[in-house]
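K.L.:
The sequence and its predicted three-dimensional model are supplied below.
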Number of protein chains: 2
Amino acid sequence: MSDQVLSTADRLAFAAMKLFAEKGYGSTSVADILREAGANSGSLYHAFPTKQDLLLEVLRRYRDGIRQMLLEPAWRGTEDPIARIFALLDAYRAMLVASEFIYACPIGALALELHEPDPAVRALLAANFEGWTAAVEDCLAAASGRLPRGADRRRLAQFVLTVMEGGVMQARTHRAIEAFDAGVATLADYFDRLREAAERERA
Amino acid sequence: MSDQVLSTADRLAFAAMKLFAEKGYGSTSVADILREAGANSGSLYHAFPTKQDLLLEVLRRYRDGIRQMLLEPAWRGTEDPIARIFALLDAYRAMLVASEFIYACPIGALALELHEPDPAVRALLAANFEGWTAAVEDCLAAASGRLPRGADRRRLAQFVLTVMEGGVMQARTHRAIEAFDAGVATLADYFDRLREAAERERA
DNA sequence: GTTTGGGTTGACTGATCAATCAAGTGGCGC
DNA sequence: GCGCCACTTGATTGATCAGTCAACCCAAAC
C-alpha cells in the first residue's frame, strides 16, 4: 500500500525529516532512518550519496513546502494579516505542546546544532528563514495601514522570527509553554503600541 | 607552569567549556577534550564518571560564573540599568563577530542541540537562563521609573533573552550580524515606546 | 526469450566513539 | 623508609558509526 504510493527515496526523506526534527541531525543514525523508512542501506546510498545529502533534501522540502506544510494549515480560517502572524506563532505553540516541548521549529534546531555547517547546508537554512520572514513581511505589507509610516517591515518580520525562535528555545528548556506565551504576548503588546502610534500619526 | 596553577580537572573543564561552545556537545569527542587539556583518558574518567558529568560541570561553572565571566566585563563603565541591558546584548554581539558568527551563547546552543536531555542537564540549562533573566530583571527594577506602572518586569526580562537568542540564531545562520542588530534595534524601539508611555502616564 | 539497467538486498569494512583497567608514579603521614 | 592512596598513564574494549559492494530482482525494451 504505502510501499506503492511513496518511492523509497520519498520514504527515506520523510523518515529523515521526522527523525531530524525529533532527535537532531547528529543524534539520528543512518540505521535509525533505514528502520523508520523500512529500507536498506544500499537503497539509501543509491538515492543519496551521503547522509548530508539527505539533510539537504530535507531542507529543500521544508523550503519548498512552507506554504503547503506550514502557512496554509496555520492560516485556514484567518484572513486578517496581523492575526495571521499570530496564527503562525500559534502553530509553533501547538507543535511544542504536542511534542511535549521536545521540538517545534526543525530549522532553528538544526541552525544551532550545526556549528560549522557545509556552505550548502547553511545556505538552505538561511533560505528557509528567508521564506518564513518573507511570508510575515507580506502580512505586514497587507496591514501597512496599521503600522507607523516609516516602519521597516522587513526588520519587523525578522523580529517576529526572532521572538518565535527565542520563545521555542526557552519553552523547550523549561519544558513549559510559559516563556513562549510570554514572548508572544510581549510581541503583541509591541504591535499594539505600533498600531496606536500609527493612529496618533494620522490624527 | 599552567600545569601547576590549574588542576587536571580544571583544565579538562575549561577545555570542555571551550570545545562545547565551539563545536557543540555531540560533535566534541572525549579525545578532542583530552588533546585540548593535555590529559589522558584515565585522568578524565577519574575526575568525571562520564562525558555527561563533564557537561554538568561546565553548566555549573557557567551558572556560578555569570557575574564574573559575563556581567562584570559587559557592565564595566556602564551604570545606567537600561544601558546595561544593551551592553549585555553588545557582549553577545562581540562574541558573534569575534567567532565569525560560529557561536555566542553556549547555553542556547546546547539547549537546542540536546533534544531530550537528561533531567539534570535540562535543569542546569534552565538555571542558566534563570540567572540571566534575573540579572536583566534587576536592571529593569532599577529602572522601573522609566517603565509603565503595570509593566511585568519578569516577562520583559525573558523577552530580552528571547530576542538575544533569536538574534544569535539568525546571525549564525546568515553568517552576518544584520539580523542580530535588527533585533536589538527593534527591542530598543520597544523600550523607547514603553518609556514614552510611562512619561505620558505620569502626565 | 534474452538483454539491460534502475533499484534493492544485507553482510561487511574501517574509523571513531565513550569508557575501562592494570600498571604505574609521586607526595604525604607516620 | 615504608605504606598508603589520590592521581596518571595509555593500550585496549566493544559498540556504533557512515559508507561500500557484489549479488540479486524484475520490468521494460526489442
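P.N.:
Alright, I've got the coordinates. Residues are numbered from 1 along each chain as shown, chains lettered A, B, ... in the order given.

K.L.:
how many other residues sit next to residue A:102?
P.N.:
16 (other Cβ atoms under 10 Å in any protein chain shown). The C-beta positions use only the backbone N, C-alpha and C, and glycine is treated the same way.

K.L.:
Now do the SS call for it.
P.N.:
coil (DSSP: H, G, I helix; E, B strand; the rest coil).

K.L.:
And for it, nearest residue in space, chain neighbours not counted?
P.N.:
residue B:115 (5.8 Å; Cβ to Cβ, 6 or more residues apart in numbering or on different chains).

K.L.:
Please report the distance of the one you found from residue B:164.
P.N.:
In this view, residue B:115 and residue B:164 are 22 Å apart by Cβ to Cβ, to the nearest Å.

K.L.:
rewinding a little: next up, the contacts around the residue nearest to residue A:102.
P.N.:
Listed by Cβ atoms under 8 Å, 6 or more residues apart in numbering or on different chains, the contact partners of residue B:115 are A:22-24, A:27, A:102-103, A:109.

K.L.:
Let me know the closest of the residues you listed to residue B:33.
P.N.:
residue A:27 (18.9 Å; Cβ to Cβ).

K.L.:
Was I right to think that closest one contacts residue B:24?
P.N.:
No - the criterion here is Cβ atoms under 8 Å, and residue A:27 misses it with residue B:24 at 10.9 Å.

K.L.:
the more surrounded of these two?
P.N.:
Using other Cβ under 10 Å as the criterion, residue A:27 and residue B:24 rank with residue B:24 on top: 23 against 16.

K.L.:
Next, find the distance separating the more buried one from residue B:120.
P.N.:
19 Å.

K.L.:
In chain A, which residue sits nearest DNA strand C?
P.N.:
Chain A approaches DNA strand C most closely through residue A:42 (2.0 Å), counting by Cβ to the nearest atom of the strand.

K.L.:
Which residue ranges of chain A form helices?
P.N.:
Ranges of helices in chain A, per DSSP state H, are A:2-5, A:8-23, A:30-37, A:41-47, A:51-64, A:72-75, A:81-98, A:106-113, A:119-142, A:153-174, A:178-202.

K.L.:
The third one vs DNA strand D: in contact?
P.N.:
So the one you mean is helix A:30-37. Yes - if you take Cβ under 7 Å from any atom of the strand as the test, helix A:30-37 does meet DNA strand D, through A:30-32.

K.L.:
okay, that helix in PDB with CA atoms only?
P.N.:
Extracted in PDB, the C-alpha atoms of helix A:30-37 (Å, rounded to 0.1, in the frame of the first residue of the first chain):
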ATOM      1  CA  VAL A  30      21.600   6.200   9.200                       C
ATOM      2  CA  ALA A  31      20.400   3.000  10.800                       C
ATOM      3  CA  ASP A  32      17.600   4.900  12.500                       C
ATOM      4  CA  ILE A  33      16.500   6.400   9.200                       C
ATOM      5  CA  LEU A  34      16.600   3.000   7.500                       C
ATOM      6  CA  ARG A  35      14.400   1.400  10.300                       C
ATOM      7  CA  GLU A  36      11.900   4.300  10.100                       C
ATOM      8  CA  ALA A  37      11.700   4.200   6.300                       C
END
